[in-house]
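In: Predicted coordinates and the sequence they were generated for:
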Amino acid sequence: MSEKALARTSRRSPLPSTEADVGASVDTVYDRVVQAVMEHRLPPGTKLVEEKLATVFSITRTRVREVLQRLAHEGLVNAIPNRGSFIASPTVEEARQIFDARRILEPALVRRLVADADAEDIQRLRAHVAAERQARAEDDRRAIIRLSGEFHLLMAEMVGNPQLTQVMRELASLTCLIILLYDSPNMPACPNHEHSELIDAIETRDEAQAVRCIVEHLQHIEETLDLSGDEGPEIDLESIFA
């Protein structure tokens, strides 16, 4: 089996645990939480109660803490001493930094795809866009949001670098939080016709056009968000409590 095929079929190894092998695995719980974030079912600020998660997934609180520590390490969860763990709420400045990181990372990613993508890769990308199109036709907002983010993850997976895939997963999940915080609820920020145009450029080995497509695509997503940082007029406490 080729190195590329091995990368496609490889799966993350479970984190070490001394707990009995019952209920969901740490990886499964992690994936379910990330998916809920990407589908906007876990909004920023949501408290992740250890006891409730342990009950839902039929696992011990020790395993739940492993998941929360992993999510906190990736920036998806804020762990606050004596209060608990909460889904992160990226600030405007953090949102801009995340888009900056994606504009650095993803052009390099598509350059690799332009050089290495084969017919099977192109077919997988087009099938994914077809699923996005179907979700839009059915007005399934959760699926639209999840599939839009997963398109970028799929490209990262095709490069065959697990570290790159992990970074892309973190950035995509954080972007979903940013969209939930700063986007209009009726305007999905990742139109899939731009994905199709990117695939066309990759298939024709047009590196300059592919890079232009991904940069403009990310710029378009950012421009749909309200990152003005305008928090409204300062509250005059003296006038309120006078």
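Out: Looks like it arrived, so ask away.

In: for this protein, what are the low-confidence residue spans?
Out: Low-confidence segments of the chain (pLDDT under 70): 1-23, 184-192, 229-242.

In: Show me where it has its helices.
Out: 3-9, 26-38, 50-57, 61-73, 92-116, 119-137, 141-159, 162-182, 192-203, 207-223, 237-241 (DSSP state H).

In: Now tabulate the ones you listed in a markdown table and tack on distance to residue 79.
Out: C-beta: built from backbone N, CA, C; applies to glycine. Below are the helices of the chain laid out as a markdown table (distance: least, Cβ to Cβ, whole Å):
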| stretch | distance to residue 79 |
| --- | --- |
| helix 3-9 | 32 |
| helix 26-38 | 14 |
| helix 50-57 | 11 |
| helix 61-73 | 5 |
| helix 92-116 | 17 |
| helix 119-137 | 33 |
| helix 141-159 | 24 |
| helix 162-182 | 16 |
| helix 192-203 | 35 |
| helix 207-223 | 28 |
| helix 237-241 | 31 |
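
In: Can you lay out those as TSV showing mean neighbour count and distance to residue 81?
Out: Below are those laid out as TSV (neighbours: other Cβ atoms under 10 Å; distance: least, Cβ to Cβ, whole Å):
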stretch	mean neighbour count	distance to residue 81
helix 3-9	12	39
helix 26-38	20	21
helix 50-57	15	14
helix 61-73	19	12
helix 92-116	17	21
helix 119-137	16	40
helix 141-159	21	31
helix 162-182	20	22
helix 192-203	20	42
helix 207-223	17	33
helix 237-241	7	28
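
In: out of those helices, nearest to residue 84?
Out: Residue 84 lies closest to helix 50-57 among these, at 7.7 Å (Cβ to Cβ).

In: So the chain: which segments form each domain?
Out: Listed by automatic domain parsing, the domain ranges of the chain are 22-87, 92-223.
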